[in-house]
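A.B. asks: okay, sequence plus prediction incoming.
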Amino acid sequence: ILTDRYLYDDALRELELAEAGFEAQSDRVWVCEVKLQRAMIHIWQGNHRVARAQALPISQDHSLPDIIVSRARHMLALVDLTTGKIKQAIDHLEAILPVFERTNDTFYVSGVLQDLALAYTSAGQLDGASHCLQRLVAIRRTLGQPNALALALNNLGDHYHQIGDYELALRTLEEGLEVISETNNQRAESYLRWTMGDLQRDLGNDDAAALLYNSAYESSIAEPSLQQSVRLSMATLYRWSGDYQRALRFARQVVEDFPVGEEPQASAVLLARAANSALKAMLDFTPRALDELDDLLHGLSDRSAASEFVQIAILAANVALSGGDERRTLHYLRECAASCDRGIGRNIIAVEIVNTPHLRAFVEQNPHLRSLQTAVQRLLAARQMFSSSSWRDATETPDTTYSLRVLVLGDEVIERDGRQVSTSEWRSSRAKEFFLYLLFEGPSKREQISLVFWPDSSPERVRSNFHTTLYRARRALGENVILYDDDI
């Protein structure tokens with residue numbers, strides 16, 4: 001409960017008390033369980049060396065039950081995954097998955113599947129990632145745990161996004177936000193808002209993306225790894241809008257704020273260094289910037305980090321072309337095309353090309369880059385379909401409603417302009433309850449509504465819930481049905 005709310009210091013104090021109690025009872029297994037929970041918190045806080053030191057002795061103690069040793073190896077895999085040791089992470093996760101499967105412990109099976117999917121994605125093994133994610137979501141639908149299901153939907157939505165299936169990505173992430181809206185899990189919601197921000201950014205909805213990023217950033221202050229990812233996403237957003245100085249500040253923060261003493265090969269740090277080099281080149285082109293990107297690519301060549309490789313390669317193509325080096329530009333783009341042919345990085349490549357006019361012109365004129373041209377066309381089609389205005393047109397939800405009919409005897413029926421509003425259009429039962437409350441109570445202050453719907457939530461959580469619910473009710477009924485001004 002405490003970790004879901006980012007109250008890590010409180011959680012660590014509770015674990016210290018629990019460990020003392022289990023040691024007094026000479027219960028080695030539960031002492032190890034406490035240490036592994038503590039290791040997980042250190043991973044979230046970015047203290048990877050501390051987490052490894054907690055988990056390593058347990059992973060090597062074969063007098064303990066296999067399930068405990070496997071859980072310790074899971075922690076080691078997470079440290080490897082976070083610090084860029086993708087192959088080692090995959091080795092750990094593939095080895096421990098059968099152990100959990102033999103115990104029929106679906107909770108731990110789903111946890112391993114979630115992290116194995118991330119590792120496979122980073123390594124470019126997309127079929128393996130897809131299999132893990134589909135199985136993960138299926139398991140978590142049966143567990144009755146909305147927090148766990150929401151995180152699984154977040155990862156599946158991100159997977160669809162990266163392979164260029166934008167419609168499935170949008171619908172999956174919307175379901176995740178709907179699932180989490182009825183809970184108080186700030187951590188899961190932060191991840192969903194960040195991922196949805198990336199999707200909206202890539203679809204060209206920059207204002208929506210910025211709002212999602214700000215919300216995710218503000219609510220994830222206790223999880224440095226997530227904040228680093230959000231900063232990188234914001235740096236990319238500002239770079240594409242031409243605000244290079246602002247983008248550079250965000251990218252530099254990722255490198256400067258990386259915990260002292262931790263391994264500098266973490267994915268976020270490598271990508272931030274690449275962004276720094278690219279932005280410096282865009283502000284004042286120097287050949288050294290391209291050499292720096294080459295050095296990063298060379299360092300990735302033996303790390304099985306296909307996703308990071310593609311992101312840096314397309315940046316290098318942009319920098320090379322900006323400097324007039326078409327030969328090196330073509331070299332980098334051919335690397336990207338080869339990855340795209342294998343299904344790796346389709347969205348990453350396409351969105352960089354679309355947001356860089358001179359790079360897009362170069363790709364369109366080169367007959368050897370057909371796979372990149374196809375990826376670009378798919379993204380452009382998605383942008384047209386899912387832009388803020390055309391998405392409303394496609395789903396037949398215009399801003400203005402001309403008639404509203406509400407029947408409340410028996411099952412509630414709400415008709416908008418002669419058509420019944422379906423359950424799926426509400427996105428959440430809370431949005432419908434919100435509307436009915438206003439219908440019967442009349443004009444109400446936000447504080448009054450919040451006390452009715454979220455009496456036990458923090459002020460930050462109440463503000464987020466209120467605006468999310470208001471947005472969903474307006475989307476279902478029309479912008480002019482519910483008016484909000486000066487907190488009323």
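C.D. replies: On my side now, so go ahead. Numbering: from 1, shown residues only.

A.B. asks: CA atoms for contacts and neighbours, from now on please.
C.D. replies: Noted.

A.B. asks: helix, strand or coil: sort out the residue positioned nearest the centre of the chain for me.
C.D. replies: With distances taken as Cα atoms, centre = their mean, the residue of the chain nearest its centroid is residue 195 (3.4 Å). For residue 195, the secondary structure call by DSSP: H, G, I helix; E, B strand; the rest coil comes out as helix.

A.B. asks: per-residue pLDDT, it?
C.D. replies: Taken from the predicted model, the pLDDT recorded for residue 195 is 95.

A.B. asks: leaving out sequence neighbours, find the closest residue to it.
C.D. replies: Taking Cα to Cα, 6 or more residues apart in numbering as the measure, residue 195 lies nearest to residue 158, with 6.5 Å between them; neighbours along the chain are not counted.

A.B. asks: same thing with residue 335?
C.D. replies: The nearest residue in space to residue 335 (Cα to Cα, 6+ apart) is residue 313, at 7.3 Å.

A.B. asks: also residue 50?
C.D. replies: Leaving out its chain neighbours, the residue that sits closest to residue 50 by Cα to Cα, 6+ apart is residue 42, at 6.7 Å.

A.B. asks: what sits against the one you found?
C.D. replies: The contact partners of residue 42, taken as Cα atoms under 8 Å, 6 or more residues apart in numbering, are 48, 50, 51.

A.B. asks: what confidence value was assigned to the residue nearest to residue 335?
C.D. replies: You'll see residue 313 listed with a pLDDT of 94.

A.B. asks: again with residue 205
C.D. replies: So, for residue 205, pLDDT stands at 90.

A.B. asks: please apply the same query to residue 3.
C.D. replies: Residue-level confidence at residue 3 comes out at 79, pLDDT.

A.B. asks: using CSV, write down the CA coordinates of stretch 59-76.
C.D. replies: The C-alpha coordinates for stretch 59-76 follow below in CSV (Å, rounded to 0.1, in the frame of the first residue of the first chain):
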residue,chain,number,x,y,z
SER,A,59,20.2,-15.9,-4.9
GLN,A,60,23.2,-18.0,-4.1
ASP,A,61,21.9,-19.6,-0.9
HIS,A,62,20.5,-22.9,-2.2
SER,A,63,19.5,-24.0,1.3
LEU,A,64,16.6,-21.7,0.9
PRO,A,65,13.4,-22.8,-1.0
ASP,A,66,13.7,-22.5,-4.8
ILE,A,67,10.9,-19.9,-4.9
ILE,A,68,12.9,-17.6,-2.6
VAL,A,69,16.1,-18.1,-4.6
SER,A,70,14.1,-17.4,-7.8
ARG,A,71,12.6,-14.3,-6.4
ALA,A,72,16.2,-13.0,-5.6
ARG,A,73,17.2,-13.8,-9.2
HIS,A,74,14.2,-11.8,-10.3
MET,A,75,15.6,-8.7,-8.4
LEU,A,76,19.0,-9.2,-10.0
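
A.B. asks: distance between that stretch and the chain's centre?
C.D. replies: For stretch 59-76, the distance from its own C-alpha centre to the chain's C-alpha centre is 29 Å (Cα atoms, centre = their mean, to the nearest Å).

A.B. asks: can you check stretch 235-246 too?
C.D. replies: A distance of 20 Å separates the C-alpha centroid of stretch 235-246 from that of its chain, computed with Cα atoms, centre = their mean.

A.B. asks: list the buried residues in that stretch.
C.D. replies: Using 16 or more other Cα atoms under 10 Å as the test for burial, stretch 235-246 gives 235, 236, 237, 238, 239, 240, 244.

A.B. asks: got it, and stretch 168-176?
C.D. replies: Buried, per 16+ other Cα under 10 Å, within stretch 168-176: 168, 169, 170, 172, 173, 174, 175, 176.

A.B. asks: likewise stretch 90-105?
C.D. replies: When burial is assessed from 16+ other Cα under 10 Å, stretch 90-105 yields the following buried residues: 90, 92, 93, 96, 97, 99, 100.

A.B. asks: what does stretch 45-64 give?
C.D. replies: For stretch 45-64, by 16+ other Cα under 10 Å, it's 45, 46, 47, 48, 51, 52, 54, 55, 56, 58, 59.

A.B. asks: who's in contact with the fifth one?
C.D. replies: Spelled out, it's residue 51. Going by Cα under 8 Å, 6+ apart, residue 51 touches 38, 39, 40, 42, 43, 75, 76, 79.

A.B. asks: re earlier: export the contacts of residue 42 to TSV and tack on pLDDT?
C.D. replies: Shown next, in TSV, are the contacts of residue 42 (pLDDT from 0 to 100):
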residue	pLDDT
48	89
50	93
51	94
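
A.B. asks: sorry, back to before: go ahead and confirm the residue nearest to residue 335 touches residue 330.
C.D. replies: No - assessed by Cα atoms under 8 Å, residue 313 is found out of contact with residue 330, at 10.9 Å.

A.B. asks: need the buried residues of stretch 168-176 in JSON lines with distance to residue 252 and pLDDT, can you?
C.D. replies: As requested, those are arranged in JSON lines below (distance: Cα to Cα, whole Å; pLDDT from 0 to 100):
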{"residue": "168", "distance to residue 252": "33", "pLDDT": "91"}
{"residue": "169", "distance to residue 252": "30", "pLDDT": "93"}
{"residue": "170", "distance to residue 252": "30", "pLDDT": "91"}
{"residue": "172", "distance to residue 252": "32", "pLDDT": "93"}
{"residue": "173", "distance to residue 252": "29", "pLDDT": "93"}
{"residue": "174", "distance to residue 252": "32", "pLDDT": "88"}
{"residue": "175", "distance to residue 252": "34", "pLDDT": "90"}
{"residue": "176", "distance to residue 252": "31", "pLDDT": "91"}
